[in-house]
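Colleague: need a structure here:
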Amino acid sequence: MREVAIVSFAQAKAKRRELDANEVEILMPVVQEAVARSGIPKREIGFTVSGSCDYVAGQPFAFVSALDAVGAWPPISESHVEMDGAFALYEAWVKLQTGEIDSALIYSFGKTSMGDPAAVLNLQLDPYTVSPLGIDAVSLAALQARLLLDSGRYTEKDMAEVVARSRRSAKSNPNAQLRGDVDPAGLLAEPYYASPLRKHDCCPVSDGAAALVIAGAELARKVTNRPAWIRGIDHRIESHDLGLRDLTRSPSTTLAAERAGARSGRFDLAELHAPFSHQELILCEALGLADDVKINPSGGALAANALMVAGLTRIGEAARRILDGEAKRALAHATSGPCLQQNLVCVLEGN
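Modeller: Predicted structure coming up:
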């Protein structure tokens with residue numbers, strides 16, 4: 001398998017509602033920063049791939065307009081996935097494995113505040129039996145949380161402690177949307193939003209963008225002294241029928257972790273894409289993470305969750321700490337679909 005590394009990462013500051021910039025204007029400085037930090041001239045980057053959702057933008061082929069932020073002249077080789085940017089990273093990694101290219105730019109963007117996330121995410125459900133019910137992602141997550149609590153493995157206090165740690169960790173993240181010291185007991189005193197979830201158990205609506213650059217071994221060693229090597233990456237999916245799944249567990253995450261080599265060895269930190277507090281508990285269990293692993297030192301998706309961006313951000317945040325010398329080995333996770341339906345696991349290591 002060809003060695004591939006992340007050599008740079010950049011992101012926009014997450015905001016509840018970005019009123020002063022469109023998607024291109026949010027994305028442009030992020031892409032420029034990622035390319036500049038990579039040390040690879042833009043004209044020499046062999047492939048560009050993006051992740052976004054046209055439904056959020058409210059127009060077909062919205063990703064084509066976003067290319068204005070990249071610059072498509074001279075002509076570039078470009079692709080797009082209608083998913084989180086983490087899955088665009090997987091496509092770029094596969095392309096490097098073929099030997100066709102030596103480097104790739106991956107970016108994702110989401111201006112969720114423009115639309116109705118509940119209506120948009122409803123459209124990914126079964127169009128015959130589930131979507132017509134009008135159920136949204138929060139309601140489905142609440143059903144999942146209720147099943148998890150009823151299993152007896154966790155309590156609402158455990159969920160509140162996840163939120164408190166997330167907000168506390170986000171204090172050191174200038175790009176986070178929600179941060180600060182909160183008391184789990186105080187969180188538990190708040191009213192339910194969709195029982196058993198309270199508002200703080202749910203990820204915020206965010207506008208944002210992220211970008212990173214990956215390169216093959218020879219080029220990576222040339223442009224940086226400490227690449228974040230992708231030692232393993234894999235993604236798996238659960239049944240589309242929610243009734244055929246045990247929503248309290250995530251076997252696709254476990255399988256992806258095994259295939260990516262994440263079930264052995266010690267990690268300094270793990271960036272997990274958990275849009276709801278109880279999902280972090282499910283993921284930690286599925287990944288078999290040790291108690292001493294730092295979970296979401298950036299604050300995670302509970303601190304900022306731009307749609308189609310948060311998963312790529314988890315990988316970027318993990319890679320950044322390796323690039324900066326803060327960590328030697330990190331795990332990153334991204335999800336897509338309702339109730340952790342599709343999951344990607346990426347193992348990163350320093351030199």
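
Colleague: Using the three-state scheme, assign residue 345.
Modeller: strand (DSSP: H, G, I helix; E, B strand; the rest coil).

Colleague: From residue 230, how far out is it?
Modeller: 11 Å (Cβ to Cβ, to the nearest Å). (C-beta placed from N, C-alpha, C; glycine too.)

Colleague: Also residue 38?
Modeller: 15 Å.

Colleague: Please say which of those two ends up with more neighbours.
Modeller: residue 38 (27 against 24; other Cβ atoms under 10 Å).

Colleague: Correct me if wrong: that one contacts residue 223.
Modeller: Yes - under the criterion of Cβ atoms under 8 Å, residue 38 makes contact with residue 223 at 6.2 Å.

Colleague: middle-most residue in this structure, spatially?
Modeller: residue 311 (0.8 Å; Cα atoms, centre = their mean).

Colleague: and that residue, backbone torsions?
Modeller: Residue 311 adopts backbone torsions of phi -70, psi -50, taken as degrees, to the nearest 10.

Colleague: Can you tell me how far it is from residue 340?
Modeller: 12 Å.

Colleague: just residue 100 next, same as before
Modeller: 32 Å.

Colleague: which residues does the nearest residue to residue 154 once chain neighbours are set aside contact?
Modeller: Excluding the flanking residues, the one nearest residue 154 by Cβ to Cβ, 6 or more residues apart in numbering is residue 281, at 5.2 Å. Residues counted as contacts of residue 281 (Cβ atoms under 8 Å, 6 or more residues apart in numbering) are 148, 153, 154, 158, 159, 162.

Colleague: secondary structure class for the second one?
Modeller: Classification of residue 153 by three-state DSSP places it in coil.

Colleague: residues in contact with it?
Modeller: Taking Cβ under 8 Å, 6+ apart as the test, what residue 153 contacts is 248, 281, 285.

Colleague: how close does the second one sit to residue 248?
Modeller: Per Cβ to Cβ, residue 281 is found 10 Å from residue 248.

Colleague: Mutual contacts of the two, please.
Modeller: With Cβ under 8 Å, 6+ apart as the test, residue 281 and residue 248 both reach 148, 153.

Colleague: chain center to stretch 175-192: distance?
Modeller: 22 Å (Cα atoms, centre = their mean, to the nearest Å).
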